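> Need a 3D model of the sequence below.
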Amino acid sequence: MSHQASKLEALVNQNRNMSAKKTRFIAITSGKGGVGKSTISSNMAYLMAKYGLKVGIFDADIGLANLDVMFNVKIHKNILHVLKGEARVEDILIPIEKNLVLIPGESGEEIFKYASGGLFERFMEQANVLDDLDVMIIDTGAGIGEHIQLFLRACDDVIVVTVPDPAAITDAYATIKITARLRNEINVIMNQVRSSKEAEGLFEKIHKVAQANIGGGLILNYLGQITSDTKISNCIKKRALFTREYPTATPTTELEQIVKRIAKKLERNVLVDPKESGLGGLFKRLMEHF
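Prediction:
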């Protein structure tokens, strides 16, 4: 195990010695499709689980749902079947690895059609099967649609993924600008870059424009970069996780560093509110903002 990985595992174990934690909800989003959002979501979830965190990954990008492709599994039913009373929560969960479970989702629009009455109450009762999650990653759709904003508002952390393409950068800034109305702290990952210098330079441009046009109240954090590498595209074609296939590759090391920065935030999750745990906690938050 690399030195970086050993430090991350120690940090996770330190968190586990605390008396209690609640689930931390992390939304991963983008201004446009095709920037590697789901690749980062799935590999980030895998690394977190590998180092001992209990992780759920919720696929909320229904129009282009592809986490099943990333994890090379088949989805037969999703959360909408649960809300309709056609399945139980445990029926739709797909174990991926030790400590990692995929939760096939639905678009916010579809979810809230069924978010009232006895079926939703029954769903909330069943949702406690995931109350022991340390982290839930929500892979949202791209763009700034109303129901995507619901997920962004409900989460503890929002990560915007973009690539060094002018259109993608413009769309990422638009997403940051809209999200800044909902929260005052947003994180950014630069994907498919040639170097850390390129990534940091592009982030600084986004940061400068945001400060000038959105205001000084916004905290824009740079989480890091993922270098462009043919190993990643090869893994996508093979339906494999690049962090598992190439544990010592540069993109894996970079994502480990990003995960370590996120794991530090888990140190603040000391107090537990059972209503803020797992799938039920996520839906409680969504309902509060609906």
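
> does residue 58 sit in a helix or strand, and which one?
strand 55-59 (DSSP states H and E).

> So what sits opposite the closest residue to residue 78 other than its chain neighbours in the bridge?
Leaving aside its chain neighbours, residue 78 sits nearest to residue 104 (3.7 Å; criterion: CB to CB, 6 or more residues apart in numbering). Just so you know, the C-beta spots here come from the backbone N, C-alpha and C atoms, and that holds for glycine as well. Beta-bridge pairing of residue 104 under DSSP bridges involves residue 59.

> looking at it, residue 104 is touching residue 82, isn't it?
No - taking contacts as CB atoms under 8 Å, residue 104 lies outside contact range of residue 82: 9.8 Å.

> okay, and the common contacts of these two?
Taking CB atoms under 8 Å, 6 or more residues apart in numbering as the criterion, residue 104 and residue 82 both touch residue 92.

> Kindly confirm my reading that residue 215 is in a strand.
No - counting by DSSP: H, G, I helix; E, B strand; the rest coil, residue 215 falls outside a strand, being coil.

> Next up, the contacts around the closest residue in space to it that isn't next to it in sequence.
Computed as CB to CB, 6+ apart, the closest residue to residue 215 that is not its neighbour in sequence is residue 180, at 7.9 Å. Residues near residue 180 by CB under 8 Å, 6+ apart: 186, 210, 214, 215, 218.

> try 10 Å this time
Residue 180 makes contact with 158, 186, 210, 213, 214, 215, 217, 218, 219, 220, according to CB atoms under 10 Å, 6 or more residues apart in numbering.

> Direction included, what does the one helix or strand residue 161 maps to pair up with?
Using DSSP H and E, residue 161 falls within strand 157-162. Taking DSSP bridges as the criterion, strand 157-162 forms sheet pairs with strand 24-30 (parallel), strand 185-193 (parallel).

> tell me the mean pLDDT over stretch 154-172?
The average pLDDT for stretch 154-172 rounds to 94.

> Could you do stretch 187-204 as well?
Rounded mean pLDDT across stretch 187-204 is 97.

> how about it: buried residues?
Buried residues in stretch 187-204, counted by 16 or more other CB atoms under 10 Å: 187, 188, 189, 190, 191, 192, 193, 199, 202, 203.

> The third one is in contact with residue 226, isn't it?
In other words, residue 189. Yes - look at residue 189 against residue 226 with CB atoms under 10 Å: they come within range, at 6.8 Å.

> Could you pull out the residues contacting both of these two?
Taking CB under 10 Å, 6+ apart as the contact rule, residue 189 and residue 226 both touch 36, 40, 161, 163, 199, 254, 255, 258.

> what would the residues you listed look like in a markdown table with secondary structure?
Formatted as a markdown table, the shared contacts of residue 189 and residue 226 follow (three-state DSSP):
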| residue | secondary structure |
| --- | --- |
| 36 | coil |
| 40 | helix |
| 161 | strand |
| 163 | coil |
| 199 | helix |
| 254 | helix |
| 255 | helix |
| 258 | helix |
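
> low-scoring pLDDT stretches of this protein, where are they?
1-21, 62-65, 106-121, 216, 267-276, 289-290 (pLDDT under 70).

> For residue 145, give its distance to residue 192.
Remark: distance between residue 145 and residue 192 (CB to CB, to the nearest Å) = 24 Å.

> cool, residue 103 as well?
Counting by CB to CB, the gap from residue 103 to residue 192 is 27 Å.

> likewise residue 73?
Note on residue 73: its distance to residue 192, by CB to CB, is 25 Å.

> Over to residue 56?
For residue 56, the distance to residue 192 - CB to CB - is 27 Å.

> ditto for residue 180
Applying CB to CB to residue 180 and residue 192 gives a distance of 25 Å.

> could the strands paired with strand 157-162 be laid out in a markdown table, adding distance to residue 134?
Converted to a markdown table, these look like this (distance: least, CB to CB, whole Å):
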| stretch | distance to residue 134 |
| --- | --- |
| strand 24-30 | 7 |
| strand 185-193 | 18 |
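
> Residue 175 is nearest to which of those strands?
In terms of CB to CB, the element of these nearest to residue 175 is strand 24-30, at 6.4 Å.
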